[in-house]
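> Coordinates only, no sequence provided:
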C-alpha cells in the first residue's frame, strides 16, 4: 500500500469528500514511527499509519455506512462518526490517530479519501454529511 500512497517527492493527490479541496498524502517515517503525512496548503498533519488497517477493520465489523463527522481537534466529534472513532480511547491505539498536537483532528476529512483511493472503502461525495463503508 505504501507504494500507492507515494513519497514526499511524489505524494498522492486527493480531494476532500465534498470534492471541494485538494491535498496530498504520503507515507514516511518520523521518530521511528510509520506515519501518513497530509499536506493541506502549508499545513502539515501527521496520522499514525496503522489507522488504515484499524479503520478498515472497524468498518468491516460495522458492516454499513458510517458518517465521517470531521472536526478540528479543539471541537468535539459527533458520536458514532469516523472522527469520534479516530480519537476514542476504545480504538486500537487508545486515543488520537492524529499525531501533531493542535492538529490531531480532521481524521474524518483526510483519511477516508485515502482509503477510497487505496480500494479499502467507498466514500460519498455530497456537500455535507458524507459517509463511508468498507469495500
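In hand now; what should we look at? Remember, predicted model here, so these are calculated numbers, not experimental data.
> dump the residue contacts of the nearest residue to residue 22 once chain neighbours are set aside.
Distances taken as CB to CB, 6 or more residues apart in numbering place residue 15 nearest to residue 22, at 5.6 Å, with adjacent residues excluded. In this view, the C-beta of every residue, glycine as well, is placed from N, C-alpha and C. Residues near residue 15 by CB atoms under 8 Å, 6 or more residues apart in numbering: 21-23, 113.
> Buried subset of those, written for ChimeraX?
Remark: buried members of those, expressed as a ChimeraX selection using 16 or more other CB atoms under 10 Å:
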select :23,113
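> Of the contacts of residue 15, which belong to helices?
residue 113 (DSSP state H).
> if we can go back for a sec, could you report the separation of the residue nearest to residue 22 from residue 24?
Residue 15 sits 11 Å away from residue 24, going by CB to CB, to the nearest Å.
> cool, residue 66 as well?
In terms of CB to CB, residue 66 sits 25 Å off from residue 24.
> The two - which one has more neighbours?
Comparing residue 66 with residue 24 by other CB atoms under 10 Å, the one with more neighbours is residue 66, at 22 against 16.
> Isn't the more buried one up against residue 80?
Yes. Using CB atoms under 8 Å, residue 66 is in contact with residue 80, at 7.2 Å.
> How about the contacts made by the spatially most central residue of the chain?
In the chain, the C-alpha nearest the mean C-alpha coordinate belongs to residue 111, at 1.8 Å (CA atoms, centre = their mean). Applying CB under 8 Å, 6+ apart, we find residue 111 in contact with 36, 47, 51-52, 55, 82, 86, 97.
> Cheers, nothing more for now.
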